[in-house]
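1. Next input, structure requested:
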Amino acid sequence: LKIPEYPAAERVTRLPPAGRIGYDLKLSENGSIVTVGGWAALEGQDADSSTISVVLKNNANIYLIPTDPYPRPDVTASSGNRYKLDNSGYSVKFLKAGLQKGKYEIGLLIKDGIHKRESVVFTGKEIAIQ
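-> All right, here's what the predicted structure looks like:
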């Protein structure tokens, strides 16, 4: 069984509504590889059953890129609220070659399996695919 080194971007036609999401996003580009990581959580609830995807959106296309979970007990410790956010961390590396050319706004999509909620937030950061 071969596991690909980089996840494939899934093209979608629509997104869930924007929601109240706390997040931090770090972005770096190195040639043909983009790295995105940080933390993200739906406000007002634990992050235990959340999955996080990176969203790339422009006028013509929307892509979802699945992320790898990353433990972030520091987010719980620094949040100052009663919610457990240890599972709010994410990271992903993906290839620009899997995307159509253009400038993309970067967002985060969170799906929560227990509460049956999903929301998206856009970060104001962009990448350009040449």
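
2. CA only for contacts and neighbour counts going forward, please
-> Fine.

3. in the longest strand anywhere in the chain, what's buried?
-> Looking across the chain with DSSP state E, the single longest strand is strand 117-129. Burial within strand 117-129, assessed by neighbour count using 16 or more other Cα atoms under 10 Å, is assigned to 118, 119, 120, 121, 122, 127.

4. That one - what's its average pLDDT?
-> Averaged across strand 117-129, the pLDDT comes to 95.

5. So which elements touch that strand?
-> On a contact count with 3 or more Cα pairs under 8 Å, 6 or more residues apart in numbering; DSSP states H and E, strand 117-129 meets strand 21-30, strand 102-112.

6. so the most centrally placed residue in the chain bridges to which residues?
-> For the chain, residue 54 is the residue whose C-alpha lies nearest the centre (Cα atoms, centre = their mean; 3.0 Å). On the basis of DSSP bridges, residue 54 is bridged to residue 65, residue 108.

7. Distance from the helix or strand of the chain with the lowest mean pLDDT to the middle of the chain?
-> Across the helices and strands of the chain, mean confidence by mean pLDDT, DSSP states H and E is lowest for helix 73-79: a mean of 91. Distance, stretch centre to chain centre, for helix 73-79: 19 Å (Cα atoms, centre = their mean, to the nearest Å).
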